[in-house]
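Asker: Got a predicted structure here, sequence first:
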Amino acid sequence: MRRIPAAVATCAATLAFLAPAGIAAAQGAPAEQSYTVVPYENVNVRQLPTKDSAYLATLTAGQSYQAYCWTHGQTVTDHGYTNDIWIGFADGYSSAVYFKGDQYANLPASAEC
């Protein structure tokens, strides 16, 4: 797996996640509802909701990111937590195990992808 410096990955990930909402708003389409999530440790963003899916970026612990939905995916167990919920971003997914909040990283139950 190719490593990207954390600062570059964070900036690229942030720009990628923010661009689609900005483009939709600029084109006059209704803005998609987003929710702020905060990982408690660095977490990978994957193309699909599975650990084996293509790596896209790394989200930095303690930083805020905009998520759009949650979905069921591969079950992940880490730090004593087990969950099959993955948080959906504009370009990929991260396991909810690594985010502050409840099992859905504080996204509402109605925000299912």
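Answerer: Nice, I can see it.

Asker: Neighbours of residue 41, how many?
Answerer: 13 (other Cβ atoms under 10 Å). Where C-beta positions appear, they are placed from N, C-alpha and C, glycine not excepted.

Asker: What of residue 110?
Answerer: Residues near residue 110, counting by other Cβ under 10 Å, number 7.

Asker: can you start the count at 61 instead of 1 from here on
Answerer: Sure, I'll start numbering at 61, so the last one becomes residue 170.

Asker: Assumed it was part of a strand.
Answerer: No. Looking at residue 170 with DSSP: H, G, I helix; E, B strand; the rest coil, it is helix, so not inside a strand.

Asker: could you measure it against residue 93, distance?
Answerer: As for residue 170, its distance to residue 93 is 9 Å (criterion: Cβ to Cβ, to the nearest Å).

Asker: which ones are touching residue 96?
Answerer: 124-127 (Cβ atoms under 8 Å, 6 or more residues apart in numbering).

Asker: May I have the secondary structure class of it?
Answerer: Assignment for residue 96 (three-state DSSP): strand.

Asker: so it bridges to which residues?
Answerer: Counting by DSSP bridges, residue 96 forms beta bridges with residue 126.

Asker: Can you show me the strands along this protein?
Answerer: Using DSSP state E, the strands of the chain run over residues 95-97, 103-106, 115-119, 125-127, 129-138, 141-148, 153-155.

Asker: So what's the gap between the third one and the chain middle?
Answerer: Taking the mean of its C-alpha atoms, strand 115-119 sits 9 Å from the chain's own mean (Cα atoms, centre = their mean, to the nearest Å).

Asker: so what does it touch, helix or strand wise?
Answerer: helix 66-86, strand 103-106 (3 or more Cβ pairs under 8 Å, 6 or more residues apart in numbering; DSSP states H and E).

Asker: Out of the strands of the chain, which is the most enclosed?
Answerer: Looking across these with neighbours counted as mean count of other Cβ atoms under 10 Å, the highest average goes to strand 153-155: a mean of 26.
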